[in-house]
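Colleague: my questions are about this predicted structure, shown below with the sequence.
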Amino acid sequence: MNYTVLRRPFAALLLGLALAQPAFANTPPAAGAATIVADNPAAHPSFTVRVVGKGRPVILIPGLTCPGAVWDETVARYQSRYQCHVVSLAGFGGVPAATGNATSFLPAVRDQLLAYIKTQKLDRPAIVGHSLGGFMGLWLSVAQPEAIGPLVILDSLPFLAAIQNPNMTAEAARPMAEGMRKQASAGKMPMAQQRQMVTSMVTDTARQRLVAVWGQASDPASVAQAMYEMYTTDLRADLGAVRQPALVLGTWAAYQPYGATLASTRAIFAAQYAKLPQHKIEMSQAGKHFIMYDDAAWFFEQTDAFLQANYAGKASYAGKK
């Protein structure tokens, strides 16, 4: 299989978000993304949380450069049946950058989210994560499988660097990741390339403007570090520890221009998730990277059914293999 066919678009999704500049500077970032609701906000400096709704807890984690507002429509749908804990990572989409974790950003997010779950006494919350957020959901489950409920993962992989080579190792990925980190930290990209990157991620023009503004409002150092850590963290071998059922929602439309087929794209997802015990992979044929924007009806149909089947009652996931 030609794995290199997806190298360009997947790298573009990260770099395009990281380096987005004021292509649409007149559109303000969404309001309310940085509202803090926590037992002790000082204990969670790597993110803020906005809690909306009632019911069993669901934690929604956005992708690179996006604040929690990326989940606004999702929250509107689910707040009547779930208590939505909407996360905004420090330094993304206008949220102030964290201090003191310049060389260890995502591990701090992981550990502080686990602490948040414990201190808020959340009973095995479901995790819905997009891109980096999906990766974080997997990492939470690997670290403390007994603390996490079912996973909904949108267009994310357990080891992004291996998209171009399934034999890639975290150590071998470091030079490439370091180059991406330097480029993202510089924060420079020609305007035409910016527009191309954003249009490869989302179809709707209004959403394109919003995503671009979130990129502009993000802290380059925070984004660069997050990118570096994603590219040098390989969760594939650890997935066997995950006890929760997982729904993996992949996309294909953005990669078709690069020669990818639906079957070949699905095969890459299947290979990366092979060691995840309880998982189901579904592929959107209409959505680009932001599935919840481009293919909302399909996203809700898949997520509704999965959560109803795996999160409606009080069943415990502990001990399930």
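Modeller: That came in fine, so what should we check first? Numbering: from 1, shown residues only.

Colleague: ok, which stretches of the chain are strands?
Modeller: Remark: strands assigned in the chain by DSSP state E are 47-52, 56-61, 82-89, 126-130, 151-154, 246-251, 279-284.

Colleague: which one of the ones you listed lies nearest to residue 305?
Modeller: Closest to residue 305 of the strands of the chain, according to CB to CB: strand 246-251, at 8.8 Å. Yep, even glycine has a C-beta here, placed from its N, CA and C like the rest.

Colleague: return the distance of stretch 81-100 from the chain's centre.
Modeller: 12 Å (CA atoms, centre = their mean, to the nearest Å).

Colleague: low-confidence ranges in the stretch 51-200 of the chain?
Modeller: 100-102, 187-195 (pLDDT under 70).

Colleague: circling back to that earlier point, now the strands of the chain as TSV including mean neighbour count?
Modeller: Formatted as TSV, those follow (neighbours: other CB atoms under 10 Å):
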stretch	mean neighbour count
strand 47-52	21
strand 56-61	25
strand 82-89	26
strand 126-130	27
strand 151-154	27
strand 246-251	24
strand 279-284	17
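
Colleague: format those strands as a markdown table; extra columns: distance to residue 106.
Modeller: Below are the strands of the chain laid out as a markdown table (distance: least, CB to CB, whole Å):
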| stretch | distance to residue 106 |
| --- | --- |
| strand 47-52 | 11 |
| strand 56-61 | 11 |
| strand 82-89 | 9 |
| strand 126-130 | 12 |
| strand 151-154 | 16 |
| strand 246-251 | 19 |
| strand 279-284 | 22 |
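
Colleague: between the ones you listed, which gets nearest to residue 182?
Modeller: The closest of the strands of the chain to residue 182 is strand 82-89. By CB to CB, the value is 21.0 Å.

Colleague: contact partners of that closest one?
Modeller: Identification of contacts with strand 82-89 by CB atoms under 8 Å, 6 or more residues apart in numbering yields 33-34, 46-62, 67-69, 71, 74-75, 78, 95, 109, 113, 120, 122, 125-126, 133, 222, 226, 307.

Colleague: ok, 7 Å please
Modeller: Contact partners of strand 82-89, identified using CB atoms under 7 Å, 6 or more residues apart in numbering, comprise 33-34, 46-62, 67-68, 71, 75, 78, 95, 109, 125.

Colleague: how about stretch 260-276?
Modeller: 1, 3, 5-6, 157-159, 162-163, 166, 236-237, 239-240, 242, 246, 248, 250, 252, 255, 279, 281, 283, 285.

Colleague: out of the strands of the chain, which is closest to residue 178?
Modeller: Residue 178 lies closest, by CB to CB, to one member of those: strand 82-89, at 21.4 Å.
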